[in-house]
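S.K.: no sequence on this one, just coordinates:
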Ligand SMILES: [Zn+2]
């Protein structure tokens, strides 16, 4: 365990650093959430616990504390939603990224750290539930959750455990334990690597802070040591049919054709050549006159990826959803700009599709776990190992 130096780098409440000294100690105000039970780490020969630390309205950091006696005071301030100043903590690189920036870091609470409760109004932001504890459905995990996104689901165990031995890149043996869990509409695999979580078939649980992962183009939930599993009252009837997973293809856009048209509000057929200056227009198909501003915009995109021969068809709603998520809504009526935008996206795209009909587009920034097809087992085991004791390596 390190001891603090005299030089302290102090972070004020605005989150700016006030000294240029490279000393690794910070004072950070915020709210503690979700303080875990004490855990034992053979590697570190000691006890530790995790929590989430909120440092701004939308900034949540994973935190680890190696000083078991601090657990009680942190659990108390978390329960009472009391703001605190953590004095003399270190910032570490988050486990699912390679670099830490001013905004992206994990917090390490040391032996020398003090926890100082602040007045209720001391912080300029409110206590909010961390995104990883916001409850989502299993369908959300399949359709919306990003890779490595932490989620909370309520689900019933319908099958398992099935265990297999796996070997990591470093030659270490780990036991993979698989369960199938289900909610009202969907089922998903819930896996643990190398550490035991025992679940009972037919029992419902709340899985807090489970991680969304992909293996063999299939999403699953990773139950790490940071995942809190609590038995809850029976969820009743749940989906028993294993989810038919959508096919996905990942690659960069090689060629694209976007076609934009306005459709008639009455007969839904295309109205060609709508002049930007026109206020009223008559549909040549159904003869109904209408305002041009009420016409239905419709963008259809065909594209090919570098990795596949398939010519994908992307319907309007999917194009619109993707542009909304990447904050490019203004391109929705401009076919030429959409083509240019897709061709210049730096990160690979993952298309979820039914045959060639695209249902969801995901842009994989900062993520390499699905972009390679070889070594997939190893690619997927490495982060799991890091997660396993909740500490960055
Ligand atoms: Zn019409």
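M.R.: That came in fine, so what should we check first? Model, not experiment: these values are computed from the prediction.
S.K.: and residue 273, how many neighbours?
M.R.: The local packing of residue 273 (other CB atoms under 10 Å) involves 8 other residues. Bear in mind the C-beta positions are built from the backbone N, C-alpha and C, glycine included.
S.K.: how close does it get to the ion?
M.R.: 15 Å (CB to the ion, to the nearest Å).
S.K.: mind checking pLDDT for that residue?
M.R.: At residue 273, the model reports a pLDDT of 85.
S.K.: Can you name the residues that contact it?
M.R.: By CB atoms under 8 Å, 6 or more residues apart in numbering, the contact set of residue 273 is empty.
S.K.: hmm, try it at 10 Å
M.R.: Applying CB atoms under 10 Å, 6 or more residues apart in numbering to residue 273 gives the contacts 261, 262, 281.
S.K.: Run a quick neighbour tally on residue 309.
M.R.: 6.
S.K.: And what about it, helix, strand or coil?
M.R.: Taken by DSSP: H, G, I helix; E, B strand; the rest coil, the conformation at residue 309 corresponds to coil.
S.K.: Would you mind giving both backbone torsions of it?
M.R.: phi -90, psi -10 (degrees, to the nearest 10).
S.K.: Following element in sequence after the top strand by length along the chain, please.
M.R.: For the chain, the strand with the greatest residue count under DSSP state E is strand 150-167. Next in sequence after strand 150-167, counting helices and strands by DSSP states H and E, comes strand 173-182.
S.K.: ok, then the element right after that next one?
M.R.: Strand 173-182 is succeeded, C-terminally, by strand 187-193 (DSSP H and E).
S.K.: orientation of that following strand relative to strand 150-167 in degrees?
M.R.: Calculated by axes from the mean of the first three to the mean of the last three CA atoms, to 10 degrees, strand 187-193 forms an angle of 60 degrees with strand 150-167.
S.K.: and strand 187-193, what other elements does it pack with?
M.R.: helix 138-143, strand 150-167, strand 173-182, strand 204-215, strand 218-222, helix 376-388 (3 or more CB pairs under 10 Å, 6 or more residues apart in numbering; DSSP states H and E).
S.K.: Report the angle between it and strand 173-182.
M.R.: 160 degrees.
S.K.: neighbouring strands for strand 187-193, and are they parallel or not?
M.R.: Paired with strand 187-193 in the same sheet, following DSSP bridges, are strand 173-182 (antiparallel), strand 218-222 (parallel).
S.K.: roughly how far is the first one from the heart of the chain?
M.R.: Spelled out, it's strand 173-182. How far strand 173-182 lies from its chain's middle: 21 Å, per CA atoms, centre = their mean, to the nearest Å.
S.K.: what pLDDT, on average, does it get?
M.R.: The model assigns strand 173-182 a mean pLDDT of 87.
S.K.: Repeat that for stretch 131-151.
M.R.: pLDDT averaged over stretch 131-151 gives 84.
S.K.: just stretch 190-207 next, same as before
M.R.: 89.
S.K.: what about that stretch, start to end distance?
M.R.: Stretch 190-207 has an end-to-end distance of 10 Å (criterion: CA to CA, to the nearest Å).
S.K.: same check, this time on stretch 337-356
M.R.: The first and last residues of stretch 337-356 sit 23 Å apart, counting by CA to CA.
S.K.: Identify each buried residue in that stretch, please.
M.R.: If you call a residue buried by 16 or more other CB atoms under 10 Å, then stretch 337-356 has these buried ones: 338, 339, 341, 342, 348, 349, 350, 351, 352, 353.
S.K.: Grab the two from the residues you listed that are most spread out in space.
M.R.: 339 and 352 (21.3 Å; CB to CB).
S.K.: Okay, residue 231 and residue 34: tell me how far apart.
M.R.: Applying CB to CB, to the nearest Å, the value for residue 231 to residue 34 is 18 Å.
S.K.: higher neighbour count, the two?
M.R.: Each of residue 231 and residue 34 has its neighbours counted (other CB under 10 Å); residue 34 has more, 22 against 11.
S.K.: Pull up the residues of the stretch 201-350 of the chain that are close to the ion.
M.R.: 264, 266, 267, 283, 285, 286 (CB under 5 Å from the ion).
S.K.: What number of residues are in the vicinity of the fifth one?
M.R.: For residue 285, the neighbour count with other CB under 10 Å is 13.
S.K.: ditto for the fourth one
M.R.: The burial count assigned to residue 283 is 20, neighbours taken as other CB under 10 Å.
S.K.: I'd say it and residue 294 touch.
M.R.: No - taking CB atoms under 10 Å as the definition, residue 283 is not a contact partner of residue 294, at 11.5 Å.
S.K.: overlap in contacts of those two?
M.R.: Joint contacts of residue 283 and residue 294 (CB under 10 Å, 6+ apart) are 262, 264, 265.
S.K.: Now flag whichever of these is closest to the ion.
M.R.: Nearest to the ion, judged by CB to the ion, of these is residue 264 at 3.0 Å.
S.K.: Any figure for the gap between the residue sitting furthest away from the middle of the chain and residue 46?
M.R.: For the chain, the residue at maximal distance from the C-alpha centroid (CA atoms, centre = their mean) is residue 287, at 48.8 Å. Residue 287 is 80 Å from residue 46, where distance means CB to CB.
S.K.: repeat for residue 282
M.R.: Counting by CB to CB - residue 282 and residue 46 are separated by 78 Å.
S.K.: Check residue 341 too.
M.R.: 51 Å.
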